[in-house]
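>>> Following is a predicted model, sequence given first.
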Protein chains: 2
Amino acid sequence: MPEPDIHLVDDDASTGDACRFLLEGYGYGVTYWSAGTDFLAGATLEAAGCVILDLRMPRMDGTAVHAALRERRSPLGVVILTAHGDVPTAVEQMKQGAADFLQKPVNGTRLIAAVDTALARSRSAWEVRILAQRATTLSERERHVARLVRDGLTNRAIAERLHVAVRTVEVHRAAAMRKMGAHSSAELAALWQRVAD
Amino acid sequence: MPEPDIHLVDDDASTGDACRFLLEGYGYGVTYWSAGTDFLAGATLEAAGCVILDLRMPRMDGTAVHAALRERRSPLGVVILTAHGDVPTAVEQMKQGAADFLQKPVNGTRLIAAVDTALARSRSAWEVRILAQRATTLSERERHVARLVRDGLTNRAIAERLHVAVRTVEVHRAAAMRKMGAHSSAELAALWQRVAD
DNA sequence: CCCGGATATGTGGAAAACCACAATACCGGC
DNA sequence: GCCGGTATTGTGGTTTTCCACATATCCGGG
């Protein structure tokens, strides 16, 4: 993986350096961005990883960057840093999926724990994102069959429900498996469960 | 379902009444408890539903009640109310799974939205809890086979990996299906994916 | 000792999954 | 018109799933 594990977005370079020093001491690779716009324009948002966002930044604040990541369905895990946080903002960011919301001065142990949580979540989100993308390649019919396979119905039962021949169900099922990268119905069921229609 | 949808735990009866009035206006059944200890001792914690907890209470505060619910793996969704909240507490409660953390005086629309979110999550958590309980009835061997089924391996491949006969794998798989309430391998795979080893 | 649960295995057979090869029809894009 | 995708269906055959019936061993609890 050529991308670094951690992105650090903070207009204050001294805070940025302190955090980078701490994280690099733990073996993480860190890329520093002084503005959210630069980060969004320059980073690979489709990769798994973690981004530490400072809440208050001049041109684009941390909540706006976080919102942009969500809009683009980026799997990057988010940790918010702030010198002056208020409860509604903290709660909202957590509800939007931030792994943590830390106040400055930052406690090193907490920051590392938050980053680890964000990275773990990001790995899982990355996998689910891949699966979700594959799911978009399925036709409506194939999706319906995949759903019923997930629910444990036999081809015959599915055929009766959809008023088609068993062979037709087999064809749709095979196509769904191929597109999702599954090698058996059981695997398709598990993958579909993961995507969660 | 004999249990009410919503539990309201607040030592201040006037706030309690206001919230109850609002919620009952939306058709929710509400049970009021003036203390966390009463709620924990008297409510059915294994049911799906929502509990609105006031943060500051004399004998047992809202965070302690929430912690008790988590320790007992209750599927009840949690909404925290507080007159004086601080950022670290808010963030911690959200990390512990609270659906929302609202400051008093409570905005009715927000409260209803929070309750709806908590209820939806609770339903799903209830289902997963049932599955997790069933999973505890599986032997180690059965669990291992279920995991490999979830990964899409054939009985033959599993047998080779475990150095046993195919027939043995079938027996374990059948037992796992029976205990999990699945009627096919595909269904077992999906259910196991949901429990997530 | 008996019983239940866990683990292991064999035999024989039905049901289900999986699919190559083949065909038809419709739609949209080049 | 040709091509690719979607939807539908048939034939014939192999592989896999599922399981009744049966057997054996070990362990713990009543």
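That came in fine, so what should we check first?

>>> so where is chain A shaky, pLDDT-wise?
A:1-4, A:197 (pLDDT under 70).

>>> tell me which parts of chain A are close to DNA strand D?
Taking Cβ under 7 Å from any atom of the strand, the part of chain A that reaches DNA strand D is made up of A:137, A:139-142, A:162, A:164-165, A:167-168, A:171-172, A:175, A:184. Yep, even glycine has a C-beta here, placed from its N, CA and C like the rest.

>>> if you set the cut-off to 6 Å instead, what comes out?
A:139-142, A:164-165, A:167-168, A:171 (Cβ under 6 Å from any atom of the strand).

>>> who wins for neighbours among these?
residue A:142 (21 neighbours; other Cβ atoms under 10 Å in any protein chain shown).

>>> Secondary structure element for that one, which one?
Taking DSSP states H and E as the definition, one finds residue A:142 inside helix A:140-150.

>>> Now find how far off-centre that helix is within its chain.
Its chain's average C-alpha position is 24 Å from that of helix A:140-150, according to Cα atoms, centre = their mean, to the nearest Å.

>>> Which SSE is immediately downstream of that helix?
Moving toward the C-terminus from helix A:140-150, the next helix or strand (DSSP H and E) is helix A:155-162.

>>> in chain A, what residue sits furthest out from the centroid?
What lies farthest from the middle of chain A is residue A:165; by Cα atoms, centre = their mean that is 39.0 Å.

>>> I'd like the distance between that residue and residue B:184.
Separation of residue A:165 from residue B:184 (Cβ to Cβ, to the nearest Å) stands at 20 Å.

>>> just residue A:155 next, same as before
For residue A:155, the distance to residue B:184 - Cβ to Cβ - is 11 Å.

>>> before we move on, what about residue A:31?
Distance from residue A:31 to residue B:184, by Cβ to Cβ: 48 Å.

>>> which residues sit in contact with residue A:20?
With Cβ atoms under 8 Å, 6 or more residues apart in numbering or on different chains as the criterion, the residues that contact residue A:20 are A:8, A:30, A:32.

>>> what's the neighbour count on the first one?
Residue crowding around residue A:8 was assessed by other Cβ under 10 Å; the count is 25.

>>> and it, which of the three is it?
What DSSP: H, G, I helix; E, B strand; the rest coil gives for residue A:8 is strand.

>>> Mind listing the residues bridging to it?
residue A:32, residue A:52 (DSSP bridges).

>>> Contact partners for it?
So residue A:8 contacts A:16, A:19-20, A:23, A:30-33, A:51-52 (Cβ under 8 Å, 6+ apart).

>>> Turn the contacts of residue A:20 into a markdown table, columns for distance to DNA strand C.
Converted to a markdown table, these look like this (distance: Cβ to the nearest atom of the strand, whole Å):
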| residue | distance to DNA strand C |
| --- | --- |
| A:8 | 44 |
| A:30 | 44 |
| A:32 | 44 |
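
>>> Nearest to chain B among those?
residue A:8 (19.8 Å; Cβ to the nearest Cβ).

>>> Distance check, the closest one against DNA strand D.
42 Å (Cβ to the nearest atom of the strand, to the nearest Å).

>>> mind checking how far that residue is from residue A:66?
14 Å.

>>> swap in residue A:49?
For residue A:49 relative to residue A:66 (Cβ to Cβ), the value is 14 Å.

>>> cool, and residue A:37?
Distance from residue A:37 to residue A:66, by Cβ to Cβ: 14 Å.

>>> packing partners for the strand or helix carrying residue A:174?
Under the criterion of DSSP H and E, residue A:174 resides in helix A:166-180. Applying 3 or more Cβ pairs under 8 Å, 6 or more residues apart in numbering or on different chains; DSSP states H and E, one finds that helix A:166-180 makes contact with helix A:108-135, helix A:140-150, helix A:155-162, helix A:185-195.

>>> do that again at 6 Å, thanks
Under the contact criterion of 3 or more Cβ pairs under 6 Å, 6 or more residues apart in numbering or on different chains; DSSP states H and E, helix A:166-180 touches helix A:140-150, helix A:155-162, helix A:185-195.

>>> most packed of the ones you listed?
helix A:185-195 (a mean of 24; mean count of other Cβ atoms under 10 Å in any protein chain shown).

>>> ok, and what's touching that one?
Applying Cβ atoms under 6 Å, 6 or more residues apart in numbering or on different chains, the set of residues contacting helix A:185-195 from outside is A:131-132, A:135, A:146, A:149-150, A:177, A:180, A:182, B:149-150, B:152, B:185-186, B:189-190, B:193-194.

>>> give me every residue that touches the nearest residue to residue A:122 once chain neighbours are set aside.
With sequence-adjacent residues excluded and distances taken as Cβ to Cβ, 6 or more residues apart in numbering or on different chains, residue A:122 is closest to residue A:77, at 3.8 Å. By Cβ under 6 Å, 6+ apart, residue A:77 lies in contact with A:50, A:99, A:118-119, A:121-122.

>>> Around DNA strand C, which positions in chain A sit nearby?
Going by Cβ under 6 Å from any atom of the strand, the residues of chain A near DNA strand C are A:154-156, A:167, A:170, A:173-174, A:184-185.

>>> Would you point out the most distant pair within the residues you listed?
A:167 and A:184 (18.5 Å; Cβ to Cβ).

>>> Next up, phi/psi of residue A:139, please.
Recorded main-chain torsions at residue A:139 are phi -80, psi 170, according to degrees, to the nearest 10.

>>> ok, so what distance separates it from residue A:151?
Residue A:139 is 19 Å from residue A:151, by Cβ to Cβ.

>>> Residue A:50 too?
36 Å.
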